[in-house]
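Asker: Need a 3D model of the sequence below.
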Amino acid sequence: MVNYRGRLDIIADILHVVSQNAKKTQIMYQANLSYKVLQRYLRDITEASLISFETAEQCYVLTSKGQDFLEAYKDYSKTHKSIEKRLNDVDSKKKNLEELCSNK
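Answerer: Okay, the predicted model is just below:
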């Protein structure tokens, strides 16, 4: 089963890389993105003030708003995984009940 990353997951991956001050190529490889996709996300998250470009250092840096995003994303991700596990457990129990009701 292939698990695709959503928009928030990609943004969090980029911000995690940028939290160590990173150049575009580093972000692209460490966040596992194509150049075209990276360009779009860098534009969007720079406009959202989650990161900024340091001209002197020639790298991207995380802003305080970006740090807030990462902290909120960590909480969201933990909650999401917990709920997903519980939903899978419920689906499994439902499947078991349906098998008990079948004529097989």
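Asker: which residues in the protein form helices?
Answerer: For the chain, the helices defined by DSSP state H occupy 7-18, 24-30, 35-47, 64-101.
Asker: how about residue 82, what does it touch?
Answerer: Contacts for residue 82 were tallied using Cβ atoms under 8 Å, 6 or more residues apart in numbering; there are none. Just so you know, the C-beta spots here come from the backbone N, C-alpha and C atoms, and that holds for glycine as well.
Asker: now residue 19
Answerer: By Cβ under 8 Å, 6+ apart, residue 19 lies in contact with 62, 66-67, 70.
Asker: Can you select the buried ones from the residues you listed in PyMOL?
Answerer: With 16 or more other Cβ atoms under 10 Å as the criterion, this PyMOL line picks the buried residues out of these:
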select buried, resi 62+66+70
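Asker: so which of the contacts of residue 19 comes closest to residue 50?
Answerer: Of all the contacts of residue 19, residue 50 sits closest to residue 66, with 3.8 Å by Cβ to Cβ.
Asker: For the closest one, give its distance to residue 11.
Answerer: 9 Å (Cβ to Cβ, to the nearest Å).
Asker: Excluding covalently adjacent residues, which one is nearest to residue 31?
Answerer: Ranked by Cβ to Cβ, 6 or more residues apart in numbering and with sequence neighbours excluded, the top spatial neighbour of residue 31 is residue 13, at 4.3 Å.
Asker: how deep is the one you found tucked in, by neighbour count?
Answerer: 18 (other Cβ atoms under 10 Å).
Asker: Next one, pLDDT for it please.
Answerer: Residue 13 is assigned 97 on the pLDDT scale.
Asker: That one contacts residue 29, doesn't it?
Answerer: No: the criterion here is Cβ atoms under 8 Å, and residue 13 misses it with residue 29 at 11.4 Å.
Asker: Pick the most buried one from the helices of the chain.
Answerer: helix 7-18 (a mean of 19; mean count of other Cβ atoms under 10 Å).
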